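Engineer: Next comes the sequence, and after it the predicted model I'd like to discuss.
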2 protein chains.
Amino acid sequence: MMLEFEIRRAQPGDLFEIWNILRPMIRAGETYTFPRDMSQKDALAYWLAPDHQTFVASDRSGLVGTYYLRPNHTGGGAHVANCGFVVRESAQGRGVASTMCIHSQGIARKAGFTAMQFNFVLATNEGAIHLWEKLGFETVGRLPEAFNHPREGMVDALVMFKRL
Amino acid sequence: MMLEFEIRRAQPGDLFEIWNILRPMIRAGETYTFPRDMSQKDALAYWLAPDHQTFVASDRSGLVGTYYLRPNHTGGGAHVANCGFVVRESAQGRGVASTMCIHSQGIARKAGFTAMQFNFVLATNEGAIHLWEKLGFETVGRLPEAFNHPREGMVDALVMFKRL
């Protein structure tokens, strides 16, 4: 059964639930390059940084996911967007990441971005790679052994890119 | 004639000369993704950020170049270093960039980094690409039209990588 959810801008009242989504991902250290012992304060300061637009996906049970959109660079690189997506563990398999990614592309286009880049997709994360490819992203780079995975050791990371 | 220069850690007394090296590069907007109108304060705050080790190359005339070394990511990506190098315009062609890059690799190895990555080398910057290749870096990614060059329009950027 696919439950419906809506995507909207994050609000101050969402912070506790956003942290509950980020915390297991950060503590596991298996996807993003955050320090595994990163504090709640530092994690939220990053996720909702001044140059980030931060969104949440919510249903009647609460938040099921969150993402940020930001310029990947400033200056001559400011037309390329970057996003980070995290889905609540108990909400995985419901299309939340896919829906957030499609949403982010619409927001990015409206904001004037002409491309979107993911800087660091683990080569072992086949689910994510398959999803991003389905949504039009191409692998444009491969960083050899750029990630020290707690269980798998050194793994490659991919750079993925889509023109908007 | 090759003048000799030494490389040492940046000190507070170097700030004015570091800015004099960074400013023309930033104002030109043709190499790094800094905003072209970036202030002295913001530029120095970035160049000498708390997670950067910042060095200068100096000869009897003053500073001829500067570079920073930092972890390219935290967490599982913290073993890969990233550097930024800038040579004073009037000191170009004297091997300053090459010498700083070799120096940075030694510092990076001592600090425990096992690789070095350049995230954004303009595909049109043939001098830099040739130099990094000569020093052992390989192109591992190509970001299509990722840089809006003030004179050349949209140009590709390369991701370059070297195991240390």
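Structural biologist: Cool, the structure landed.
Engineer: Name the residues linked to the residue in chain A that chain B sits nearest to by a beta bridge.
Structural biologist: Chain B sits closest to A:Gly141 of chain A, with a gap of 2.0 Å, by CB to the nearest CB. Backbone N, C-alpha and C define where each C-beta goes, glycine included. For A:Gly141, the beta-bridge partners under DSSP bridges are A:Val159, B:Gly141.
Engineer: That one contacts A:Leu158, doesn't it?
Structural biologist: Yes: the pair A:Gly141 / A:Leu158 is scored as a contact, 6.8 Å apart, by CB atoms under 8 Å.
Engineer: between the two, who's got more neighbours?
Structural biologist: With neighbours defined as other CB atoms under 10 Å in any protein chain shown, A:Gly141 and A:Leu158 compare such that A:Leu158 has more, 24 against 21.
Engineer: Quick check: that one vs A:Phe147, distance?
Structural biologist: Distance, A:Leu158 to A:Phe147, by CB to CB, to the nearest Å: 10 Å.
Engineer: Now do the buried residues in stretch A:59-79.
Structural biologist: A:63-79 (16 or more other CB atoms under 10 Å in any protein chain shown).
Engineer: Pass me the low-pLDDT residue ranges in chain A, would you?
Structural biologist: A:1-3 (pLDDT under 70).
Engineer: picking up where we left off before, anything in contact with each of A:Leu158 and A:Phe147?
Structural biologist: Common neighbours of A:Leu158 and A:Phe147, using CB atoms under 8 Å, 6 or more residues apart in numbering or on different chains, are A:Phe120, A:Leu122.
Engineer: Which of the three states applies to A:Ala57?
Structural biologist: strand (DSSP: H, G, I helix; E, B strand; the rest coil).
Engineer: Name the residues linked to the nearest residue to it once chain neighbours are set aside by a beta bridge.
Structural biologist: Leaving aside its sequence neighbours, A:Ala57 sits nearest to A:Gly65 (CB to CB, 6 or more residues apart in numbering or on different chains; 4.1 Å). Listed by DSSP bridges, the beta-bridge partners for A:Gly65 are A:Ala57, A:Val87.
Engineer: show me what contacts A:Gly65?
Structural biologist: A:Phe5, A:Ile21, A:Val56, A:Ala57, A:Phe85, A:Val86, A:Val87, A:Arg88, A:Ala91, A:Val96, A:Ala97, A:Met100.
Engineer: Nearest residue to the first one in space, please, no chain neighbours.
Structural biologist: Nearest residue to A:Phe5, sequence neighbours excluded (CB to CB, 6+ apart): A:Asp59, at 4.0 Å.
Engineer: can you pull out the helices in chain A?
Structural biologist: Using DSSP state H, the helices found in chain A span residues A:15-28, A:40-47, A:96-110, A:126-134.
Engineer: what residues does the last one touch?
Structural biologist: Yep, that's helix A:126-134 we're talking about. Residues contacting helix A:126-134 (CB under 8 Å, 6+ apart): A:Thr31, A:Ala97, A:Ser98, A:Cys101, A:Phe118, A:Val121, A:Leu122, A:Ala123, A:Thr139, A:Leu158, A:Met160.
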